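[1] Pasting the sequence and the predicted model now:
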Amino acid sequence: MLPLNTFWLVQLSLSGALILATSLLLLKIYKYLCYQLTAQKSLVTQINRVLPQTQCGQCGHPGCLPYARAISEGEASNRCPPGGHETILELAELLNDPVLNLDPSHGQFKEFSVAVIREDECIGCTKCIQACPVDAILGGPKLMHTVIEAECTGCDLCVEPCPVDCIDMLKHYEDAPGHPAVIFSKNHDMQGARP
Amino acid sequence: MLGVGTSLSTRRTAGGIKPPTHKEHSLRSRIMPMPIPPQLKIPVGATKSGTITLCIAAGDHVHKYQKLAQLQMSAQGRSCIPVHAPTSGIVSAIEEAYVADHSQQKQVCIVLTTDGLDTSLPLEPAVDYRQLASEELVTAIRRAGIVGMGGAGFPAADKIDSAAHQAVDLLIINAAECEPYISADEALIRERAEGVVTGAAILQRASSARRCVIAIESSKPDAIQALEQAIEAQTNIAENCELILVASKYPAGSEKQLIQSVAGIEIPSGQLPARHGVLVHNAGTSYAAFQAVAQGKPCISRITTLSGQALKTPKNFEALIGCSVEFLFDICGIDKSLRAKTVLGGSLMGLQLPSDNAAVSKTTNCLIAAGSAELAPPAETQACIRCGFCADACPVRLLPQQLLAFSKTENNSQLLEHGLMDCIECGACDYVCPSHIPLVSIYQDSKAAIEAGRTNHERSEAWQQRFQYHQYRIKKEKDQAPTRTKAAPANKPAAESGESGESVSSNGDGQEFFSKEKASREIAAAVARVKARRAESKSVASEQDKPK
């Protein structure tokens, strides 16, 4: 009776230990996978936060988030012209990569500007509305369109499809009519004045 | 406590500098009443800062004390700042003009051509403020259009209101006025201490503060004596109004530094003093509150210091709101050949005014017509020698050297960690720097860069959200597309018959605003125009074509 009992006891304890070990291992693997996934995700989010979010597609991806995903998987980080050198620097710091120059095959860096429609020339074709990635153009078919200046990302995507070339990219504020001029220059000389 | 000044102990804070005060020139004479200028430009406010409601139109005749307009601040629903006529005359125009204040923008001004008669509306009968509840006092202060006279220009009634909600314990009347050249508050206290003390009591009652403290620099014996006498004379006030001397150094009068020396509380970064039970008002604001409640007068003038080597007789004026800087300088006998520049404010934090046509506003505390020798641009900048004088001088106990290094490398995260946003831009570090490094302007640039980075980030987040919504919308439309194509043929005839009506809208004369033919004509013309333009540009320079 006793040896049989011992045998069963040993069996039970052994199988119990095995089950425990397996479950622990599975838990570890699961945790590791979760960690990897979140790390990957957070890296994509971090990269996405650095990108300028103009959604211009000059990098060859449809939007900034897909490009961020591509960078996290090893694509070159110097293909964002609107971000310019600053974005490249930040990305290099984030990814611990060497700093590269902007890839000229994807375009040149330009100052931030917004699209402005010359409204009397617009024929109302709605092509720019379809091109706008952030729905910042208002207008109906055969009616005049206009750009919501505050929402425009300056991505240039509406300029190309316009059949009558009535969209200009203008510098923010400076060219906008009615912007109040700054009248007092901050007097830097004053700060170190010794009476 | 109410003996002669010697019995009062002086409170001190960290850092600070002791520059020559230059106040004695403007304090030689009494506060002068002002002759009525031929024209006043009364600032109402910038169009950006809120909604302006005019109570008069161009061509109207107005009396002294008459309400002209009010500015409704957009941010807070309740706050509005009314503006009153400083004298009688005819409103000749309402225009945007330069104003002598720190806002750095053009403001809407009411141009008043004065008639010299100074006929006034009857003032509201003077009332005893002790009979009024705190809400009534706040209403009276709001109706008088009082703003912070120290320079910030925040509506005084709003400040009291917000403080009353947070159970304020201590009201500090800031009479420290530590910056060189400015002597407006000192002159006011010397001559009208009773008004300032009564105003303090009014503000205390309005904000339901338990204690009231008048803080003044120890280097102003005349003003201290006047205040002591005024407090003693008014027995009902003397019980809970106290006089505290602060060390005579710059910047003792800065709000947070003053609270630290008077109450011993250090207000954490980015928080308002009211949250910690402290409310600070300027002595000029206190006097304006006295005029508003005890005399029923709206805020139509302020004490402004006129100083500088180019003036024959520097003095303090009771300047009417809206008179031009040039007019004030003229009655002080300005020698224009001596003047190198005009400065608004004191010598350390002042701004240079590009134009003398700027109008005096409710926050114009000092105007300096600087000669070529004073306030000269600093000597050539040299490298930082790490002497550490700036760290000793900093009243906020920052590390200016470190900040300078981080500013140069544009290390924004480190700048924020080292408290750049707590820098009050007092200029003490600049003043002591033996290498003449313009530290404050470097910090200002860094602050602006950080602020720009922040707005950029917010903007790109908004773009991201809009892009996501755009994608969602496209997807939804795609999903719904099959049902739409099915329904389309049924709708089409109806739509076409609607369009064949041709004129979408026409006015009474039968003239068409919009018709199909006209539109297609215009479109054809536009396309032809573009074709011509493209052909032309192609022939001129084909290499300038955009890369596709």
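    Looks like it came in fine.
[2] remind me which residues of the stretch 1-150 of chain B are low pLDDT?
    B:1-9, B:74-78, B:126 (pLDDT under 70).
[3] Verify the contact between B:G195 and B:A288 for me.
    No: contact between B:G195 and B:A288 fails when scored by Cβ atoms under 8 Å: they sit 9.3 Å apart. To be clear about C-beta, it is placed using only N, CA and C from the backbone, and glycine gets the same treatment.
[4] more crowded one of the two?
    More crowded of B:G195 and B:A288, by other Cβ atoms under 10 Å in any protein chain shown: B:A288, with 29 against 21.
[5] what about the nearest residue to that one once chain neighbours are set aside, how many residues close to it?
    Counting by Cβ to Cβ, 6 or more residues apart in numbering or on different chains, B:I146 is the residue found nearest to B:A288 once chain neighbours are left out, at 4.7 Å. When neighbours are counted by other Cβ under 10 Å, B:I146 registers 29.
[6] for B:I146, what are its contacts?
    B:I146 makes contact with B:P155, B:A156, B:A157, B:T285, B:A288, B:A289, B:A292, B:C299, B:K362, according to Cβ atoms under 8 Å, 6 or more residues apart in numbering or on different chains.
[7] Now with 7 Å, please.
    For B:I146, the contacting residues are B:A156, B:T285, B:A288, B:A289, B:A292, B:C299, by Cβ atoms under 7 Å, 6 or more residues apart in numbering or on different chains.
[8] can you check A:S72 too?
    A:Q40, A:L43, A:V44, A:I47.
[9] Would you show me how to pick out the buried ones of these in PyMOL?
    Buried residues within the contacts of A:S72, by 16 or more other Cβ atoms under 10 Å in any protein chain shown, are selected in PyMOL with:
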select buried, chain A and resi 43+44+47
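[10] Which ones among the contacts of A:S72 lie within helices?
    Using DSSP state H, the members of those that fall within helices are A:Q40, A:L43, A:V44, A:I47.
[11] among those residues, which are within reach of chain B?
    When Cβ under 7 Å from any Cβ of the partner chain is applied, no member of these is adjacent to chain B.
[12] low-scoring stretches of the chain, by residue?
    All of this is about chain A. In chain A (pLDDT under 70), the answer is A:1-2, A:172-195.
[13] Correction: the question concerned chain B.
    In chain B (pLDDT under 70), the answer is B:1-9, B:74-78, B:126, B:237-239, B:483-515, B:540-548.
[14] Just the strands from chain A, written as ranges.
    Applying DSSP state E to chain A gives strands spanning A:113-117, A:137-138, A:146-147, A:167-171.
[15] For the first one, give me every contacting residue.
    Same thing as strand A:113-117. Counting by Cβ under 7 Å, 6+ apart, A:145-147, A:149, A:152, A:154, A:158-159, A:166-172 sit against strand A:113-117.
[16] now the angle between strand A:167-171 and that strand, please.
    140 degrees (axes from the mean of the first three to the mean of the last three Cα atoms, to 10 degrees).
[17] Count the neighbours of residue 13 for me.
    Went with chain A since none was named. A:S13 is flanked by 10 other residues according to other Cβ under 10 Å.
[18] ah, no, chain B please
    Each residue near B:T13 was counted by other Cβ under 10 Å, and the total is 23.
[19] I'd like the distance between it and A:F7.
    Distance from B:T13 to A:F7, counting by Cβ to Cβ, to the nearest Å: 84 Å.
[20] A:D97 too?
    Counting by Cβ to Cβ, the separation of A:D97 from A:F7 is 62 Å.
[21] Please identify which of those two sits among more neighbours.
    Legend: neighbour count by other Cβ under 10 Å for A:D97 and A:F7, higher for A:D97 (14 against 10).
[22] who's in contact with the more buried one?
    Contacts of A:D97 by Cβ under 7 Å, 6+ apart are A:S77.
[23] And the helices in the chain?
    Since you didn't name a chain, this refers to chain A. A:2-50, A:64-72, A:84-95, A:127-131, A:188-191.
[24] Correction: the question concerned chain B.
    B:134-143, B:156-165, B:184-207, B:221-233, B:235-238, B:255-263, B:283-294, B:325-331, B:389-393, B:400-408, B:412-417, B:428-432, B:439-499, B:516-540.
[25] closest one to A:K127 among those helices?
    Proximity to A:K127 (Cβ to Cβ) singles out helix B:516-540 among these, at 12.7 Å.
[26] How about that closest one, which residues are buried there?
    Buried positions in helix B:516-540, judged by neighbour count with 16+ other Cβ under 10 Å: B:I523, B:A526, B:V530.
[27] now stretch B:290-301
    B:F290, B:Q291, B:A292, B:V293, B:A294, B:G296, B:K297, B:P298, B:C299, B:I300, B:S301.
[28] is it true that the second one touches B:K297?
    Yes: B:Q291 sits in contact with B:K297 when judged by Cβ atoms under 7 Å, with a separation of 4.4 Å.
[29] Quick check: neighbours shared by those two?
    Joint contacts of B:Q291 and B:K297 (Cβ under 7 Å, 6+ apart) do not exist.
[30] Closest to B:C332 out of the contacts of A:S72?
    Taking Cβ to Cβ as the measure, A:I47 is the one of those closest to B:C332, at 62.3 Å.
[31] Pretty sure that closest one sits against A:R69.
    No: look at A:I47 against A:R69 with Cβ under 7 Å: they stay out of range, at 8.3 Å.
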